[in-house]
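Trainee: fold the stuff below for me.
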Amino acid sequence: MAMAKNTICVWYDKDAEDAARFYAETFPDSALNAVHRAPGDFPSGKEGDVLMVEFTVAGIPCLGLNGGPTFTHSEAFSFQISTDDQEETDRYWNAIVDNGGQESACGWCKDKWGISWQITPRVLMEAMAAGGDEAKRAFAAMMDMKKIDVATIEAARRG
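Mentor: Got it, this is the predicted structure:
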């Protein structure tokens, strides 16, 4: 497989392969594409350890780097996954949270590796795009949520 021109590089302490496998099992159009082992010792590992993994998350090419504990993740970077309904929203949210992750607010959660995810129903984005009072009502409803409740957003859109 040829490397994409633009690839998102995500820094992990030491679990890039485990994270990539989890993403591949959880999200459609996702895969663990390649595992690259270190050709020599490096600051946070030794020759033969997994150094990098090539993976895809919902069609987006990524590179996971096992760089050690020097850098940690923040909400300044997140994957946003658009969902079609409550069932899909629940499936992804629960997969992340139930696998050692944690809930946050407004449709955000973190996986056990510290990566932030926005599990966002399309109905919410459609309401925001509509603007005006519809967007205000949907936005206000979302502000009280952790996982997005599609029925509540739909009701807020209608007024």
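Trainee: number of residues surrounding the residue lying closest to residue 100 once chain neighbours are set aside?
Mentor: With Cβ to Cβ, 6 or more residues apart in numbering as the criterion, residue 100 has its nearest non-adjacent residue at 3.2 Å, and that residue is residue 112. The C-beta positions use only the backbone N, C-alpha and C, and glycine is treated the same way. Using other Cβ atoms under 10 Å, residue 112 has 15 neighbouring residues.
Trainee: what pLDDT does residue 112 get?
Mentor: Confidence at residue 112, expressed as pLDDT, is 98.
Trainee: could you do residue 1 as well?
Mentor: Note on residue 1: pLDDT of 57.
Trainee: how about the strands in this protein?
Mentor: 8-12, 31-37, 50-57, 60-66, 78-83, 102-103, 108-110, 116-121 (DSSP state E).
Trainee: quick one: mean pLDDT for the first one?
Mentor: Read it as strand 8-12. 97.
Trainee: angle of it against strand 78-83?
Mentor: Per axes from the mean of the first three to the mean of the last three Cα atoms, to 10 degrees, the angle that strand 8-12 makes with strand 78-83 is 110 degrees.
Trainee: how far is strand 8-12 from where the chain is centred?
Mentor: From the chain centre to the centre of strand 8-12 is a distance of 12 Å (Cα atoms, centre = their mean, to the nearest Å).
Trainee: that one - contacts with which helices or strands?
Mentor: Contact here means 3 or more Cβ pairs under 8 Å, 6 or more residues apart in numbering; DSSP states H and E; on that basis strand 8-12 packs against helix 16-26, strand 60-66.
Trainee: distance to residue 85, mean neighbour count and mean pLDDT added to those, as TSV?
Mentor: Formatted as TSV, the helices and strands packed on strand 8-12 follow (distance: least, Cβ to Cβ, whole Å; neighbours: other Cβ atoms under 10 Å; pLDDT from 0 to 100):
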stretch	distance to residue 85	mean neighbour count	mean pLDDT
helix 16-26	17	20	98
strand 60-66	22	20	97
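Trainee: done for today, thanks.
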